[in-house]
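> Return atomic coordinates for the entry below.
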Amino acid sequence: MKKTLALVLTLCLLMMTAAFGMAETADDSAEAAAFMDSIKGTYEPLFPVITKPEYDQIWLDPCIAALGEEAAPAAAEMLKSACNGTIYGQEAIDAFGDGSNGAQFDCLFINGVYRITFDGMTISGVNEKGETVFSHEYTYTGHLSLAGMMDGYLFETADEDAGEFRYFYMMADTPATTYHLEFRYGSDKENLAKYNEGPYAYWLAAGFPTDAGEEMIRNVITLFCEENLTKEQAEDAA
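As a prediction, this is how the structure comes out:
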C-alpha cells in the first residue's frame with residue numbers, strides 16, 4: 001500500500017467534509033445560524049469511541065471489500081491510528097515536520113475540555129468532573145478556509161475572558177450528514193486556518209454525539225473507511 005501513511009494523513013484532515021463544500025449565499029448569517037441549530041447537542045471526542053476493540057469488525061468489513069482479506073487488517077489499523085494522535089502544535093511539528101513522511105492527527109478536545117455542548121449560538125464545555133471550563137455566546141463572523149482544503153463557519157465571542165475559546169471554527173459536517181462534527185477553537189483565527197503550522201498544527205477536533213447508538217457508530221466508521229479507501233485506490237492507480 002504505497003504512500004499510504006502520508007495519504008491517510010491528508011485524508012484524515014479532509015475526512016468526510018470535502019463532500020459538503022460551502023458556497024457563499026446571500027445571507028450567510030442565516031445559513032450559519034441554521035447550521036448551529038442542526039448540531040444542537042452534547043459531543044465527546046469521536047475516535048476514542050469508534051476505535052474501541054468491540055468495533056474492530058466494522059473497520060475490517062469495508063477494508064476487506066476494498067482490498068481483500070490479506071491486506072484488510074493492516075489497512076484498518078492504519079485508518080484507526082491516523083486520526084488517533086495525542087500531540088499537536090509545536091510538539092507535533094517537532095515529531096512530524098511537514099507530514100510528508102507520515103504523521104497522526106490529534107482529533108481530541110484540547111485545553112481541558114471533556115465534552116462540548118452546542119445550543120444555538122451558545123457553546124460550552126466541561127471537564128471530566130463535569131465542571132464548566134467555558135461557556136460563551138458566539139456570533140458568526142464569516143467563512144474561513146483550512147489551508148485551502150475545506151471551508152468552515154467562523155464564530156467569535158465578545159467575552160473578554162474567552163482566551164483559547166474566543167473563536168470556534170466549524171466545518172460543515174453534521175450528525176445528519178457525516179455522523180460527526182469537525183471543528184477547531186482558539187484565540188488566533190489566522191493560526192486556526194493552518195493545518196501543519198502554528199499552535200494548532202495537526203489538530204482538528206472530531207465530535208460525536210454522546211447519545212449516539214450502534215447504528216451511528218457503524219455509519220461513521222463505514223463512511224470514514226469507504227471515503228479514504230476510495231481515494232487511496234485512486235491515488236495508487238494514478
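
> Could you give the separation of stretch 168-183 from the chain centroid?
Chain-centre distance of stretch 168-183: 8 Å, with Cα atoms, centre = their mean, to the nearest Å.

> what's in contact with whatever helix or strand Ile58 lives in?
Using DSSP states H and E, Ile58 falls within helix 56-67. For helix 56-67, contacts defined as Cβ atoms under 8 Å, 6 or more residues apart in numbering pick out 1, 71-73, 75-76, 79-80, 217-218, 221-222, 225-226, 229-230, 233. C-beta: built from backbone N, CA, C; applies to glycine.

> bridging residues for Glu44?
The partner list for Glu44 in beta bridges (DSSP bridges) reads Phe208.

> residue contacts, it?
Counted by Cβ under 8 Å, 6+ apart, Glu44 has contacts Phe109, Tyr114, Arg115, Gly207, Phe208, Thr210.

> Only the C-alpha atoms, please, for stretch 218-227, written as PDB.
Output of stretch 218-227 as PDB, limited to C-alpha atoms (Å, rounded to 0.1, in the frame of the first residue of the first chain):
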ATOM      1  CA  ARG A 218     -21.400   1.800  12.300                       C
ATOM      2  CA  ASN A 219     -22.300   4.600   9.800                       C
ATOM      3  CA  VAL A 220     -19.500   6.900  10.800                       C
ATOM      4  CA  ILE A 221     -16.800   4.100  10.700                       C
ATOM      5  CA  THR A 222     -18.100   2.800   7.400                       C
ATOM      6  CA  LEU A 223     -18.200   6.200   5.800                       C
ATOM      7  CA  PHE A 224     -14.700   7.100   7.000                       C
ATOM      8  CA  CYS A 225     -13.300   3.900   5.700                       C
ATOM      9  CA  GLU A 226     -15.000   4.000   2.300                       C
ATOM     10  CA  GLU A 227     -14.100   7.600   1.700                       C
END
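
> average pLDDT across that stretch?
The pLDDT scores in stretch 218-227 average 95.

> cool, and stretch 100-119?
pLDDT averaged over stretch 100-119 gives 96.

> Considering the contacts of Glu44, which is situated nearest to Tyr55?
Nearest to Tyr55 among the contacts of Glu44 is Phe208, at 12.3 Å by Cβ to Cβ.
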